[in-house]
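A.B. asks: Show me how the following folds:
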Amino acid sequence: MTISIRALSVAAVLSFGALTGTAAFAQDNPMVGGAAMFADKNIVENAVNSADHTTLVAAVKAAGLVETLSGPGPFTVLAPTNEAFDALPAGTVETLLKPENKDQLTKILTCHVIPAKALSTDIVSMVEADGGEHVVDTVGGCKLTLKAADGKVTVTDENGTVANVTIADVIQSNGVIHVIDKVLTPKM
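C.D. replies: Alright, predicted model coming up:
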């Protein structure tokens, strides 16, 4: 048993109120999983439309986090792709989705969520201000290390797994999503 939907949590880092007050339309947001992402919809409303995040959405539902991630936030969610979940050891996702593993699944997923709104520019600024890396606390109590170099942002979990932000700054009505290519896990 390892990580299943932790992606929901850890994508960007702490920068309160980083978004501007202007309304953004789908054309202002990158496409994710072949779907338009609308800045006036919440994290869950947009994520369900991404063909690349069906595993994450299933995990969020199994963990009972739909209401939370539909709430006011603000949240920064690091959203692992289906491919990231597929890279986990065989049977991991299926095991985590079982009702008896809800607590572990919830822990993993909430370690992908930062209780603030942080755009990629905010992350880069924090990393630079901290001399090359910035540690952030997640809703799940995990510590993630953010780094930025050569125009790329990476997130390292407590176990040393390094995820690349592949799509940044997907603005939501209750925060921002950053798509990542690995599932992050808490130190157990």
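
A.B. asks: List of residues touching the top strand by length along the chain?
C.D. replies: Residue-count comparison of every strand in the chain, with assignments taken from DSSP state E, identifies strand 162-172 as the longest. Residues from elsewhere that reach strand 162-172, judged by CB atoms under 8 Å, 6 or more residues apart in numbering: 10-12, 19, 24, 28-30, 32, 37, 39, 41-43, 46, 73, 75, 78, 80-81, 84, 119-120, 152-157, 176-184. Using the backbone N, CA and C atoms, a C-beta is placed for each residue, glycine as well.

A.B. asks: Just the buried ones from those?
C.D. replies: Buried members of the contacts of strand 162-172, scored by 16 or more other CB atoms under 10 Å, are 10-12, 19, 24, 29, 32, 37, 39, 41-43, 46, 73, 75, 78, 80-81, 84, 119-120, 153-157, 176-184.

A.B. asks: So which of the residues you listed sit within helices?
C.D. replies: Members of the buried ones among the contacts of strand 162-172 lying in helices (criterion: DSSP state H): 43, 46, 84, 120.

A.B. asks: Who are the contact partners of residue 146?
C.D. replies: Neighbour list for residue 146: 13, 123, 126, 127, 133, 134, 135, 136, 153, 154, 155, 156 [criterion: CB under 8 Å, 6+ apart].

A.B. asks: pLDDT score assigned to the first one?
C.D. replies: In this prediction, residue 13 carries a pLDDT score of 28.

A.B. asks: same thing with the third one?
C.D. replies: Note for residue 126: predicted pLDDT of 94.

A.B. asks: Any figure for the gap between it and residue 79?
C.D. replies: Distance, residue 126 to residue 79, by CB to CB, to the nearest Å: 20 Å.

A.B. asks: If you count surrounding residues, which of these two has more?
C.D. replies: The residue with the greater number of neighbours, taking residue 126 and residue 79 and applying other CB atoms under 10 Å, is residue 79; the counts read 33 against 20.
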